[in-house]
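Student: coordinates only, sequence not included:
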C-alpha cells in the first residue's frame with residue numbers, strides 16, 4: 001500500500017504502511033518520514049516530551065535518535081472510518097542523545113486518511129518496565 005489510498009483499505013494495508021515507516025526510521029530516511037508524518041503531528045516520546053513534526057524530523061536529521069535495530073514483538077490494528085489506530089510493542093536499540101540504548105517500548109499511532117493520503121497524526125511511546 002502507498003500513502004495514496006481510496007476508502008477500501010484493510011488491516012494488511014495499514015501494516016504495510018507501518019512496516020514502511022519502521023524502515024524509514026531505521027535508515028534515517030527523513031524524506032520518507034516527511035511524507036508519513038502529518039503536518040499537525042503530536043508525538044510523545046518515551047520520556048514524556050511532546051514533539052511536533054519538525055522536531056521529530058530534526059531528531060532523525062541530527063542523529064539525536066538513531067535506530068540500529070527494531071524487533072516487532074506484537075502489533076494490533078483497529079480500522080475506523082478514514083483512520084486506523086495501531087498499537088505495537090517491540091525491542092529497539094540505537095543511540096539517543098549519543099547514549100546507547102536497548103529498550104522494550106510500546107507505541108500507539110493513529111493514521112488518518114485525508115484527501116486520499118495516509119499520514120500519522122498521533123504517536124505515543126512508553127517504556128515497558130515489567
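Tutor: Great, that's in hand. Remember, it's a predicted structure, so these values are computed and weren't measured experimentally.
Student: which residues in the chain form strands?
Tutor: 37-44, 50-51, 65-80, 83-96, 99-114, 117-127 (DSSP state E).
Student: now those strands as JSON lines including mean neighbour count, mean pLDDT and distance to residue 58?
Tutor: Any C-beta I mention is one placed from the backbone N, CA and C, and that applies to glycine too. Shown next, in JSON lines, are the strands of the chain (neighbours: other Cβ atoms under 10 Å; pLDDT from 0 to 100; distance: least, Cβ to Cβ, whole Å):
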{"stretch": "strand 37-44", "mean neighbour count": "16", "mean pLDDT": "98", "distance to residue 58": "12"}
{"stretch": "strand 50-51", "mean neighbour count": "12", "mean pLDDT": "96", "distance to residue 58": "9"}
{"stretch": "strand 65-80", "mean neighbour count": "13", "mean pLDDT": "94", "distance to residue 58": "10"}
{"stretch": "strand 83-96", "mean neighbour count": "17", "mean pLDDT": "96", "distance to residue 58": "14"}
{"stretch": "strand 99-114", "mean neighbour count": "16", "mean pLDDT": "96", "distance to residue 58": "18"}
{"stretch": "strand 117-127", "mean neighbour count": "18", "mean pLDDT": "97", "distance to residue 58": "15"}
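Student: nearest to residue 11, of those?
Tutor: strand 65-80 (4.5 Å; Cβ to Cβ).
Student: Pull up the pairing partners for the closest one, direction included.
Tutor: strand 83-96 (antiparallel) (DSSP bridges).
Student: so how far is the strand it pairs with from its chain's centroid?
Tutor: 7 Å (Cα atoms, centre = their mean, to the nearest Å).
Student: ok, residue 85 - contacts?
Tutor: Residue 85 makes contacts with 77, 78, 108, 109, 110, 111, as judged by Cβ atoms under 8 Å, 6 or more residues apart in numbering.
Student: Lovely, talk soon.
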